[in-house]
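Asker: Just to be clear, the model below is a prediction. Sequence and coordinates:
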Amino acid sequence: MRQRSEVLALSTRRGLTEITPAVRSAVREAGVRDGLCTVFLRHTSASLVIQENADPSVRHDLEAFLSRLVPDGHPSFTHVAEGDDDMSAHVKSALLKTSEQIPVSKGELALGTWQGIYVWEHRTGSHRRQVAIHVLGE
């Protein structure tokens, strides 16, 4: 059994930032032929999702929908220590997820044809995020 862990550091802006190439690279470096890749986002105001990677309008539409569902500066939010986007970012993160598990088959991520792995930044402005990647298998 082999395993390998690494932490990916990246800059994000509001919306979806694709990390599929970096996760693929981590899987290849692990040398695992068949197993499981766990990807975990180490933050509470961003999310991790698998989503379509072919048409950028999908990412735009997802961001627009979620922003209408959970608007910045909603009057019922009391946690606003870091601005109007503070609590809305936490709610969005709670509604989505912060980890994914992707099978590894024949040394590659077993993603579908149009699937990509994304960090979904819910805060405005630029942020530094960390993604822990763990690959386990034979």
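Answerer: That came through, no problem. Numbers count the residues shown, from 1 in each chain.

Asker: contacts and neighbour counts: CA atoms only from here.
Answerer: Noted.

Asker: what about Val104, how many neighbours?
Answerer: 23 (other C-alpha atoms under 10 Å).

Asker: From what I see, it and Ala110 are in contact.
Answerer: Yes. The pair Val104 / Ala110 is scored as a contact, 5.5 Å apart, by C-alpha atoms under 8 Å.

Asker: Strands along this structure, start to end?
Answerer: Counting by DSSP state E, one finds strands in the chain at the ranges 2-12, 15-18, 35-41, 46-52, 99-105, 108-109, 115-121, 127-137.

Asker: Dump those into a markdown table; add distance to Val91 as well.
Answerer: Putting the strands of the chain into a markdown table (distance: least, C-alpha to C-alpha, whole Å) gives the following:
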| stretch | distance to Val91 |
| --- | --- |
| strand 2-12 | 18 |
| strand 15-18 | 15 |
| strand 35-41 | 16 |
| strand 46-52 | 10 |
| strand 99-105 | 16 |
| strand 108-109 | 30 |
| strand 115-121 | 12 |
| strand 127-137 | 18 |
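
Asker: So which of the ones you listed is nearest Val58?
Answerer: When the strands of the chain are compared by C-alpha to C-alpha, strand 46-52 sits nearest Val58, at 7.0 Å.

Asker: Which neighbouring elements make contact with that closest one?
Answerer: Secondary structure elements in contact with strand 46-52, counted by 3 or more C-alpha pairs under 8 Å, 6 or more residues apart in numbering; DSSP states H and E, are strand 35-41, helix 86-95, strand 99-105, strand 115-121.

Asker: Ser76 is nearest to which of these?
Answerer: Closest to Ser76 of the helices and strands packed on strand 46-52, according to C-alpha to C-alpha: helix 86-95, at 9.9 Å.

Asker: What lies in contact with that closest one?
Answerer: Identification of contacts with helix 86-95 by C-alpha atoms under 8 Å, 6 or more residues apart in numbering yields 44-47, 66, 70-74, 77-80, 122-123.

Asker: Among the helices and strands packed on strand 46-52, which comes closest to Leu136?
Answerer: Across the helices and strands packed on strand 46-52, closest to Leu136 is strand 35-41 (C-alpha to C-alpha), at 5.4 Å.

Asker: This completes my enquiry, with thanks.
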